[in-house]
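Chemist: need a 3D model of the following:
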Amino acid sequence: MSAIKVESRKRLVIVTGRAHPELAEQIAAELETELVETELRTFANGEIYARYGESLRGSDVFIVQSHSAPINEWLMEQLIMIDAAKRASAKRITAVAPFYPYARQDKKGRGREPISARLVADLFTAAGADRIMSVDLHAAQIQGYFDGPVDHLFAMPVLLEYFSSRKGPDLTIVSPDMGRVRVADVWSDRLSAPLAIIHKRRDPKVANQVSVHEIVGEVEGRDCLIVDDMIDTGGTIVKAAEALKKNGAKSVVVAATHAVFSSPAVERLQSEFIDEVVVTDTLPIPPEHRWDRLTVLPIAPLIARAIHEVFDDGSVTSMFDGAA
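Modeler: So this is what the prediction gives:
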């Protein structure tokens, strides 16, 4: 009996949930491929159904889903899509979550609290994901919650490219709180600009309430660039911008990766204290959440390059000069 000769050739498959299909389409275009057709439905009682339009057997599948509101529905949809891909005999499944859901619940601040970011990682594992890809995790320790490879991408190169060409001699990088100092310090080095830090205090019993206390560093007569990983309701950012302007800042520009923009963020960010807001499109930003001083940078080229590296068994870390 003659031996069976098998030639295996890897196949790249990109599929998307319904949260932000435009991003997945841009990623597929960057990779010079097309999205695999997926049937996604929500039944009358809220249950979600997923079925792929073609065979995934032996494929390297990347399931793209942005976790905007309603975040629980989009998370469940991605989990169901992962399960469907596993049962369709996909060779490897990567959950691409540009904005990691529940990332802010990464530790216990008080007793009797959950660590929801860990729970989400466990859900991805249970569904059948082999690896996770995300952009600018709120806390780097989330990588340790998943028992498998986590590709932690950084939007900094995308944002830096925008600001490098607009950098003036009076630029100061501002960290909006103590938790962002490390990131702001890297920005300070890359743009050769001094660093300022805003010390704030948050009431742990009241969500989204912040009071700014003092500014460490020189901001008078400076063009201040506030850097953060996300903008949710905008309260922290607006109070920081107001404090900077009242301390003599010439201009205030805000740079953030994730435009969560929960109400009333859009109204707040159009404040007289903010000259420009620059974000990436890791999350969908509908027309009603855009205004003339908002700049949205595409994140698809970065994610597409990372997917290409993973698919070709290359190095994602090399994309960030060894910083990843």
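
Chemist: give the contact list for the nearest residue to E113 once chain neighbours are set aside.
Modeler: Spatial nearest neighbour of E113, excluding adjacent residues (C-beta to C-beta, 6 or more residues apart in numbering): Q105 at 7.7 Å. Every residue, glycine included, has its C-beta placed from N, CA and C. For Q105, the contact set (C-beta atoms under 8 Å, 6 or more residues apart in numbering) comprises E113, P114, I115, S116, A117.

Chemist: rerun that using 10 Å as the cut-off
Modeler: With contacts defined as C-beta atoms under 10 Å, 6 or more residues apart in numbering, Q105 is in contact with E113, P114, I115, S116, A117, R118, L119, V120, H138, A139.

Chemist: same question, M133
Modeler: 62-64, 94-98, 100, 149-153, 303, 306-307, 310, 316.

Chemist: what about the residue nearest to E113, which helix or strand?
Modeler: Under the criterion of DSSP states H and E, Q105 resides outside all helices and strands.

Chemist: again with D83
Modeler: helix 71-87.

Chemist: what about K200, which SS state?
Modeler: At K200 the chain is in strand, as set by DSSP: H, G, I helix; E, B strand; the rest coil.

Chemist: bridge partners for it, pull those for me.
Modeler: Beta bridges link K200 to V212 when assigned by DSSP bridges.

Chemist: wait, isn't it in contact with D228?
Modeler: No - with contact defined as C-beta atoms under 10 Å, K200 does not reach D228; the gap is 12.0 Å.

Chemist: of those two, which one has the most company?
Modeler: Neighbours were counted for K200 and for D228 using other C-beta atoms under 10 Å; D228 has more, 24 against 18.

Chemist: a helix runs through the more buried one, doesn't it?
Modeler: No - applying three-state DSSP, one finds D228 to be strand, outside a helix.

Chemist: returning to that earlier point: most neighbours, which of the contacts of Q105?
Modeler: V120 (24 neighbours).

Chemist: which ones are touching that one?
Modeler: Counting by C-beta under 10 Å, 6+ apart, V120 has contacts 67, 75, 79, 95, 97, 100-103, 105, 132, 142, 145-146.

Chemist: rerun at 8 Å
Modeler: So V120 contacts L75, Y100, P101, Y102, Y145 (C-beta under 8 Å, 6+ apart).

Chemist: again with V279
Modeler: I231, A255, A256, T257, H258, A259, I285, L294, T295, V296, L297.

Chemist: now do Y100
Modeler: So Y100 contacts H67, A117, V120, I132, S134, L137, H138, I142 (C-beta under 8 Å, 6+ apart).

Chemist: okay, the second one and G46: tell me how far apart.
Modeler: By that I understand A117. Note on A117: its distance to G46, by C-beta to C-beta, to the nearest Å, is 24 Å.

Chemist: do the same with the third one
Modeler: Remark: distance between V120 and G46 (C-beta to C-beta) = 20 Å.

Chemist: what do you get for the fourth one?
Modeler: To G46, I132 is 26 Å away according to C-beta to C-beta.

Chemist: pull up the distance across stretch 200-219, start to finish.
Modeler: 16 Å (C-alpha to C-alpha, to the nearest Å).

Chemist: state the mean pLDDT of it.
Modeler: Averaging pLDDT along stretch 200-219 yields 73.

Chemist: hang on, the earlier thing: okay, the residue nearest to E113: pLDDT?
Modeler: 96.

Chemist: just to revisit the earlier point, ok, and the most crowded of the contacts of V120?
Modeler: Tallying neighbours with other C-beta under 10 Å puts Y100 at the head of the contacts of V120, with 28 neighbours.
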